[in-house]
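Asker: how does the following fold in three dimensions:
(chains A, B, C and D)
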2 protein chains.
Amino acid sequence: MSPDRNGTRRRPPVAGAVTLSDVARAAGVSLATASRAINGSANRAVGGELRERVLATAERLGYSPNAHAQAMARGQTATLGLIVHDIADPYFSAIAAGVTDAADAADLIVTLANTHHDADRELQYVRTLQNQRARAIILVGARQNDGEANLRLRRALDAYQARGGTVAMVSQAILGVNVLRVDNERAGADLARALHDIGYRRFAVLTGPTENLTAHERSRGFLAAAEELGCPVPDERLVPSPLTRDGGHEAMRELLARRTGADLVFAVTDVMALGALTAAREAGVSVPDDLGLAGFDDIDTLQDVTPALSTVRIPLREMGREVTRLALAPAEDGPLEEHVTGQVVLRASTPPRS
Amino acid sequence: MSPDRNGTRRRPPVAGAVTLSDVARAAGVSLATASRAINGSANRAVGGELRERVLATAERLGYSPNAHAQAMARGQTATLGLIVHDIADPYFSAIAAGVTDAADAADLIVTLANTHHDADRELQYVRTLQNQRARAIILVGARQNDGEANLRLRRALDAYQARGGTVAMVSQAILGVNVLRVDNERAGADLARALHDIGYRRFAVLTGPTENLTAHERSRGFLAAAEELGCPVPDERLVPSPLTRDGGHEAMRELLARRTGADLVFAVTDVMALGALTAAREAGVSVPDDLGLAGFDDIDTLQDVTPALSTVRIPLREMGREVTRLALAPAEDGPLEEHVTGQVVLRASTPPRS
DNA sequence: TTGTAAGCGTTATCAA
DNA sequence: TTGATAACGCTTACAA
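Answerer: Next up is the predicted model:
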């Protein structure tokens, strides 16, 4: 049907690599007309009959427009880069779902990158997405408190933005990029106050990784409020750990082993709280009878554990949509900043104490 | 530094769009040499000193190779398409994590698409990925029992493969593509036998959506084995529902309302089982005292609910890695097929009955 | 309304 | 080893 059309071909002629030229020739029109008929954007110029013929020919030949060629010719792409720490973590996957929803609505395709909390990989992905000429990049996940790494990242993002891309992140701001901030500190404080209101006094905190800013903000807010309420939390009731289920599990074991007499444990993420819950059970400590437990995020599975866990709810999926909007907004007048306010949700894991 | 280099430019000159030509000119070498120096694949031909100079110049100018131009010139891309039903579902996000792991190792970037169980969207994504000239496409998730939709999908995949792409899927096979099959039917049967062994007799099944093949296989295997064991499951103990947490919740409510006297409920996915667990609790029915409950998949959170849920374990993350290998394998000698065998894991939700 | 032809930024062929 | 130069497949002025 469409034999080698020019004597010298370098690559093995991929079977059936139908190009727009093929379609044009087969339909007996010029390349330009074919292009316009098939992808005649706002400029609908092609005559009815011709148009039909071209479309039919394209269909018949199984023509598939080459997105790379289009990207080159148009000078822009329909790609959105999404960088998360761990897509298997419900926090990230819920946000990712929101991002794909919004991207879909905007006719963008999403390129997903998993950093595994590795700053170098994150940097590498930014560069890759820059090479792809992605229209926007979304970074989800806490910054580490590592000036060197943050500086490198910022440089890469600056370079990306200088070339016309936009960046939006969820969490802390990096200078010069759009950000959807979660008011972690305030929400942490709100949680402490709510728990104090219902009678808790001897707080403990599973603080997550020491260098993780989100974790730090959450525990700082909580601790500051606790202190203000006259319930300062001694160091022995602070246990760091990785931001994972197993991290929470291990941290709770450690805390219980210390026998600190805490009556309430705050884990800075729900995923950690889940691990902590099981650790308590394994140690024969009853939540909520012996110990209250609260998390942060309100991930989906929280409603199906026993007891249902108290937490601070943040609308993860909606945040994914919102950060996409931020990423697509023309960041003309300086970086945008939006805030998400966490909402304390008390459930069975923290019953009132008398 | 790099002023307009040709009088007529169509697009507003994107600030700092440094091209390879710019680098070559600034370094005083030819385009070809610059290309070789910067991306001189196996063919390391560039002289030491020149090479240094080019690299330094590229660095200084902040050169970022245009991946689309490379894709055009090379005739291939480094993109892997991943199509899932719902990235927020732990089943899919765990597999996706495995896929990104493997893709990373193979230096591929992953394009993620969320179908929301919509066959049309799935088809659309296949086309989009074909337009992107993705090197391979991975489809995760059950087929519907819808001949029309499957046929359309198969046509699109055939076209994609005819042009040199490869396809791999997790779940049922579509004719002509690589597949990682989960032995749902057999595992379902194994589960029924294991439960029968420890004394359960009056089985009920939350079957998921009737048209969903994976759900169907799981329940069919279970039901067939139950019948073989002399415990046929009456229709009133079969409840369909969406494949979600809420679906499981609703189905369990329905089942309990029917007062069928079941002593064991099998939910065809863990996510459904989680919802079912809560529904039972809300109805004042104790799992495991009044009722045994088992799921399928062994998603992460299962270990933190009470009671811990029995299930059939399939290695989700590893499956993600494996299906990526399948997708990247040269499918020269006909489609490949691999099998994953589910392993029954009995936990506290199904204690032995006397 | 349609066609001609000049890019888009690379890689790879061929000759020097 | 290096350099010209022709693709790669498409979009879009500009001309007809």
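Asker: quick check, the helix or strand containing residue A:279 touching chain B?
Answerer: When elements are defined using DSSP states H and E, residue A:279 is found to belong to helix A:270-282. Yes - for a cut-off given as CB under 8 Å from any CB of the partner chain, helix A:270-282 has contacts with chain B, namely A:274, A:275, A:277, A:278, A:281. All C-beta spots, glycine's among them, are computed from the backbone N, C-alpha and C.
Asker: I'd like to know which elements that helix is packed against.
Answerer: Other helices and strands packing on helix A:270-282, by 3 or more CB pairs under 8 Å, 6 or more residues apart in numbering or on different chains; DSSP states H and E, are helix A:90-105, strand A:203-208, helix A:245-258, strand A:264-267, strand A:292-294.
Asker: for residue A:164, give me phi and psi.
Answerer: In this entry, residue A:164 is assigned phi and psi values of phi 100, psi 0 (degrees, to the nearest 10).
Asker: run through the residues that contact whatever residue of the stretch 201-350 of chain A ends up closest to DNA strand C.
Answerer: Taking CB to the nearest atom of the strand as the measure, the stretch 201-350 of chain A has residue A:330 as its residue closest to DNA strand C, at 21.0 Å. For residue A:330, the set of contacting residues under the criterion of CB atoms under 8 Å, 6 or more residues apart in numbering or on different chains consists of residue A:166.
Asker: let's go with 6 Å and repeat that
Answerer: By CB atoms under 6 Å, 6 or more residues apart in numbering or on different chains, the contact list for residue A:330 is empty.
Asker: likewise for residue A:321?
Answerer: Residues in contact with residue A:321 (CB under 6 Å, 6+ apart) are A:98, A:101, A:102.
Asker: mind running it again at 10 Å?
Answerer: Contacts for residue A:321 were tallied using CB atoms under 10 Å, 6 or more residues apart in numbering or on different chains; they are A:95, A:97, A:98, A:99, A:100, A:101, A:102, A:103, A:105, A:315.
Asker: let me see the domain layout of chain A.
Answerer: Per the record's domain assignment (automatic domain parsing), chain A is made up of the domains A:2-65, A:76-181+A:318-340, A:184-314.
Asker: okay if I get these as CSV plus mean pLDDT?
Answerer: As requested, the domains of chain A are arranged in CSV below (pLDDT from 0 to 100):
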stretch, mean pLDDT
domain A:2-65, 77
domain A:76-181+A:318-340, 94
domain A:184-314, 97
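Asker: for those domains, give me JSON lines that also has distance to DNA strand D.
Answerer: JSON lines is the format used below for the domains of chain A (distance: least, CB to the nearest atom of the strand, whole Å):
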{"stretch": "domain A:2-65", "distance to DNA strand D": "3"}
{"stretch": "domain A:76-181+A:318-340", "distance to DNA strand D": "9"}
{"stretch": "domain A:184-314", "distance to DNA strand D": "40"}
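Asker: for residue A:349, which of those domains is the nearest?
Answerer: Shortest distance between residue A:349 and the domains of chain A, using CB to CB, is found for domain A:184-314: 4.6 Å.
Asker: buried set for the helix holding residue A:279?
Answerer: For helix A:270-282, burial by neighbour count (16 or more other CB atoms under 10 Å in any protein chain shown) applies to A:270, A:271, A:272, A:273, A:274, A:275, A:276, A:277, A:278, A:279, A:280, A:281.
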